[in-house]
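Novice: No letters, just coordinates:
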């Protein structure tokens, strides 16, 4: 029962490694091109990890803080606001990371950006985790959440939001600490885990072989014969 399970886990890790390589390749290809101007382009038509340039303004009335985000071992928040483009599109924009108060009793002060600005950013897909939510525990702003959910966040402000989320370039107005990671684990790590699972499967096969055959007896006899001859 455990042998096929270990093999399945090994091949699953190999498939995950291949998926991560595909994502990294997509990012490399799309970052090598010129940014897409959103003035004449629909966000819904763009592929994930596309670099964009946009002009608009921040919705400073609504602000979310994504909790439990780390940089260099420190806990903090990622700041998300709605960015309203000049062509009336609205999209969530992650401005980057701010450190949390050591006692975690106070939310960080978030400097606001007013007026019309031009930004550079990358379009990221939004993934959902069943144990996390974007509701927030209070109705006050800013709201502390644990994940991004475009539909839920749009409903909470009564506005229709474009799919995905923009992650701000560090050189753009309003950017905090960025250091975006497209994948949470590199392909090499998945490959290493796969080798561990395959190694356990091999060890299990060898132990099973010795336990269910006379190989152990033959091995002890061989060792005994070799010792006697010496």
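Specialist: Okay, I see it. Note that this is a predicted model, so its numbers are computed, not measured.

Novice: Give the buried residues for stretch 49-63.
Specialist: Neighbour counts over stretch 49-63 (16 or more other CB atoms under 10 Å) mark 49, 50, 51, 52, 53, 54, 56, 58, 59, 62, 63 as buried. Yep, even glycine has a C-beta here, placed from its N, CA and C like the rest.

Novice: cool, and stretch 115-128?
Specialist: 119, 120, 121, 122, 123, 124, 126.

Novice: what does that stretch rub up against?
Specialist: Outside stretch 115-128, the residues that touch it by CB atoms under 8 Å, 6 or more residues apart in numbering are 31, 35, 43, 46-58, 83, 86, 93-94, 147-150, 163-169, 171-174, 180, 182.

Novice: at 7 Å instead, please
Specialist: 35, 43, 46, 48-57, 93, 147-150, 164-169, 171-173 (CB atoms under 7 Å, 6 or more residues apart in numbering).

Novice: same question, stretch 86-102
Specialist: 38-39, 43, 55-56, 69, 71, 74-84, 108, 110, 121, 148, 150, 153, 159-162, 165-168, 174-178.

Novice: and the helix or strand where residue 53 lies, which strands flank it?
Specialist: With elements taken from DSSP states H and E, the one containing residue 53 is strand 51-71. Looking at strand 51-71 with DSSP bridges, its partner strands are strand 36-37 (parallel), strand 74-85 (antiparallel), strand 117-124 (antiparallel), strand 143-145 (parallel).

Novice: Bridge partners for the residue nearest to residue 68 when sequence neighbours are not counted, pull those for me.
Specialist: Nearest residue to residue 68, sequence neighbours excluded (CB to CB, 6 or more residues apart in numbering): residue 75, at 6.4 Å. Following DSSP bridges, residue 75 is listed with bridge partners residue 70.

Novice: For residue 159, see how far away residue 75 is.
Specialist: Remark: distance between residue 75 and residue 159 (CB to CB, to the nearest Å) = 30 Å.

Novice: what's the answer for residue 23, then?
Specialist: 30 Å.

Novice: how far off strand 117-124 does the longest helix seen in the chain point, in degrees?
Specialist: Ranked by residue count under DSSP state H, the longest helix found in the chain is helix 2-32. Between helix 2-32 and strand 117-124, the angle comes out at 150 degrees (axes from the mean of the first three to the mean of the last three CA atoms, to 10 degrees).

Novice: How far off centre is helix 2-32?
Specialist: Taking CA atoms, centre = their mean, to the nearest Å, one finds helix 2-32 lying 14 Å from the centre of the chain it belongs to.

Novice: now do stretch 39-48
Specialist: 21 Å.

Novice: How about it, which residues are buried there?
Specialist: 41, 43, 46, 48.

Novice: quick one: pLDDT of the third one?
Specialist: Right, residue 46. Note on residue 46: pLDDT of 85.

Novice: now swap in residue 27 and tell me
Specialist: With respect to pLDDT, residue 27 has a value of 70.

Novice: so how far is residue 125 from the residue nearest to it when sequence neighbours are not counted?
Specialist: Distance criterion CB to CB, 6+ apart; nearest residue to residue 27, sequence neighbours excluded, is residue 49 at 4.6 Å. Using CB to CB, residue 49 is found at 8 Å from residue 125.

Novice: Before I go, just wanted to say thanks for your time.
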